[in-house]
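In: Give me the fold of what follows.
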Amino acid sequence: MGLARLIAAASNAGMDHADAPSLFRPLLPDSVWLAEMPPDRADPTALPLDELRQIERAVPKRRLEFAAGRQLARRLLIEAGQGIDAMPSDADRVPRWPDAVVGSITHCRSLCAVAVAPRSMFLGIGLDAEPAESMNPDLLPQVLREPEFARLREWPQRWRDLAGILTFSAKEALYKSIYPVHRVFLDFQDVELLWSGFEPDGGGLLATFEGHVRVPQATFPGMTRIVGRARVAHGHVGTVVVLPSARA
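Out: Predicted coordinates for the structure are as follows:
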C-alpha cells in the first residue's frame, strides 16, 4: 500500500512533543508504549551508522521522518527493557524489532508516532497517521471498494469528506499489523471495511472499523475479520489495529 504511490499515479531534536495533545493515546491499550513528535524535531545526524546508511540518498523530508521514528522507537524500547543500538529495516522495509516486542511506526508531514507492545500479549500492531484532509477524488476508486462507496451514506454528514482518507489510513494500519509476520502484499481492494460507532470527540471524531481481509494467507489463521479504531483530532487522522495474542 502507500499514499505516495497512489498520488504519483494520479498526477528540539530527539525530544518528543510532550506539550502537545496525543492523537493516538485514546485509541491504544495502557499496555502499549507510545511516543509522538513532529518530524522536524528529529536529528538525522544522531542516527547510528547502520540506520544512517538507509537514508543517505533520501530527500530531507524523508530523512527527518525516518530519524523521528527511530529516535522515538529507541526511547520506547528502553522503557520496555529492550534497548538496542540500531534498528535498520529489512529488505521489505520492515523495522527489525527485538524478538520480545511488536511495534509500528507512522509518519506524515506533521506527525510521527511509534507504538511498542510485548509480543507475549500481542500478535501485531499497526498505526497510521495522515493529515485530516479530503482525498483527491481521482484516488477514491483505488482505495474504496464498491460496497464501501455504497455505505458512505451511513457516515455522519460532517465527516463524509474525510471518508476516503480514513479508509486509506485504516487499511494501512490493518496491513501494518499483519504484514511483518506473513509478508503477503495486499492492495486496497483486498480489504473491505465496515464502519460503526461514530462518536463525537470534542470537535473531532471517534469511530470503529472492521476490516475483512479477502486474502486469507495474508493474515493469521481464523482472523480474516480484524477490528480497529480511528480518531480525527488535532488536524490529523489516526487509525490503530491491535491484535491480542491468544495467550494474553
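In: Return the distance of the nearest residue to residue 36 once chain neighbours are set aside relative to residue 53.
Out: Closest residue in space to residue 36, ignoring its immediate chain neighbours: residue 113 at 4.4 Å, by CB to CB, 6 or more residues apart in numbering. The C-beta positions use only the backbone N, C-alpha and C, and glycine is treated the same way. Residue 113 is 24 Å from residue 53, where distance means CB to CB, to the nearest Å.
In: which outside residues touch whichever strand or helix holds residue 69?
Out: Taking DSSP states H and E as the definition, residue 69 sits inside helix 60-79. With contact meaning CB atoms under 8 Å, 6 or more residues apart in numbering, helix 60-79 is reached by 14, 16, 33-44, 46-47, 51, 54-55, 58, 83-84, 87, 95, 98, 101, 103, 105-107, 109, 112-116.
In: Now a PyMOL select for only the buried ones of those residues.
Out: Selection of buried members from those for PyMOL, criterion 16 or more other CB atoms under 10 Å:
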select buried, resi 16+33+34+35+36+37+38+39+41+42+44+47+51+54+55+87+95+98+101+103+105+106+107+112+113+114+115+116
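In: Mark which of the contacts of helix 60-79 are part of strands, please.
Out: 33-37, 101, 103, 105-107, 112-116 (DSSP state E).
In: Show me the beta-bridge partners of residue 236.
Out: Judged by DSSP bridges, the bridge partners of residue 236 are residue 131, residue 233.
In: and it, what does it touch?
Out: By CB under 8 Å, 6+ apart, the neighbours of residue 236 are 23, 108, 110-111, 129-132.
In: can we see that at 10 Å?
Out: Going by CB atoms under 10 Å, 6 or more residues apart in numbering, residue 236 touches 23-24, 36, 108, 110-111, 113, 129-133, 169, 204.
In: Tell me which helix or strand in this structure has the weakest average pLDDT.
Out: In the chain, no helix or strand scores lower on mean pLDDT, DSSP states H and E than helix 3-10, which sits at a mean of 43.
In: Poorly predicted segments of this structure, please.
Out: 1-19, 247-248 (pLDDT under 70).
In: Domain map for it?
Out: Under the assignment automatic domain parsing, the domains of the chain span 12-126, 128-244.
In: give the contact list for residue 180.
Out: Residue 180 neighbours (CB under 10 Å, 6+ apart): 90, 92, 94-97, 102-104, 124-126.
In: mind checking the SS state of it?
Out: Following DSSP: H, G, I helix; E, B strand; the rest coil, we place residue 180 in the helix state.
In: and the gap between it and residue 47?
Out: Distance from residue 180 to residue 47, by CB to CB: 22 Å.
In: do residue 199 as well
Out: 40 Å.
In: And residue 116, by the same measure?
Out: In terms of CB to CB, residue 116 sits 18 Å off from residue 47.
In: Tell me which stretches of the chain form helices.
Out: 3-10, 49-52, 60-79, 140-143, 146-150, 163-182 (DSSP state H).
In: wouldn't residue 189 be in contact with residue 212 here?
Out: No: contact between residue 189 and residue 212 fails when scored by CB atoms under 10 Å: they sit 11.7 Å apart.
In: Next, show the common contact partners of those two.
Out: Contacts common to residue 189 and residue 212, judged by CB under 10 Å, 6+ apart, are residue 145.
In: Between the two ends of stretch 43-59, how far is it?
Out: Start-to-end span of stretch 43-59 (CA to CA, to the nearest Å) is 14 Å.
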